[in-house]
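1. How does the following fold in three dimensions:
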Amino acid sequence: MFAVRDKLTRIKPGDEIVSGKRVIETRGHTPGHVSYKLAGQESLIINGDVSTSNNVFFKHPGWHFSFDTEPEVALKSRQPFLNQVAAEKIKMLGFHWVYPGVGYAERTGAAYRFVPV
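-> Model prediction:
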């Protein structure tokens, strides 16, 4: 990494990488894990691995994922993330989600339901 350090542009939560693409902190799966919010007529969040499975972690947002490198931090990222996207009805794209992999989180008591697009 040191050989290319001068060629890298580091990003941090809140940064706008290009017009309409903002960095959101979603640490826990890995240190420094981020998601991206794309602005437009209808916003879209590319959530990376803040919620690795829409089938499991929407129904059980307090469960741990064995591959999270910072499990407690991951929980502290996932809960507010799902609260926000559900409250604001923001469309999301999940890398490891079942087809179609794009949809919304809808609050159901202490959990969420995935609503595919």
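2. where do the helices sit along the chain?
-> For the chain, helices defined by DSSP state H occupy the ranges 71-88.
3. residues contacting the residue nearest the centre of it?
-> Per CA atoms, centre = their mean, the C-alpha nearest to the average position across the chain is that of Asn47, at 2.8 Å. By CB atoms under 8 Å, 6 or more residues apart in numbering, the contact list for Asn47 reads Thr26, Ser35, Phe81, Met92, Leu93, Gly94, Phe95. Yep, even glycine has a C-beta here, placed from its N, CA and C like the rest.
4. and if we set it to 7 Å?
-> Thr26, Ser35, Met92, Leu93, Gly94 (CB atoms under 7 Å, 6 or more residues apart in numbering).
5. excluding its backbone neighbours, what's nearest it?
-> Ser35 (4.6 Å; CB to CB, 6 or more residues apart in numbering).
6. now that neighbour: how far from Phe65?
-> Separation of Ser35 from Phe65 (CB to CB, to the nearest Å): 15 Å.
7. Comparing these two, which residue is more hemmed in?
-> Per other CB atoms under 10 Å, whichever of Ser35 and Phe65 has more neighbours is Ser35, with 23 against 17.
8. dump the residue contacts of the nearest residue to Gly101 once chain neighbours are set aside.
-> Nearest residue to Gly101 in three dimensions, chain neighbours excluded: Gly94, at 5.6 Å (CB to CB, 6+ apart). Counting by CB under 7 Å, 6+ apart, Gly94 touches Asn47, Ser51, Asn54, Gly101.
9. go on, Ala111?
-> Applying CB under 7 Å, 6+ apart, the residues near Ala111 are Phe58, Lys59, His60, Pro61.
10. 10 Å instead, please
-> Contacts for Ala111 (CB atoms under 10 Å, 6 or more residues apart in numbering) come out as Phe57, Phe58, Lys59, His60, Pro61, Gly62, Leu82, Ala105.
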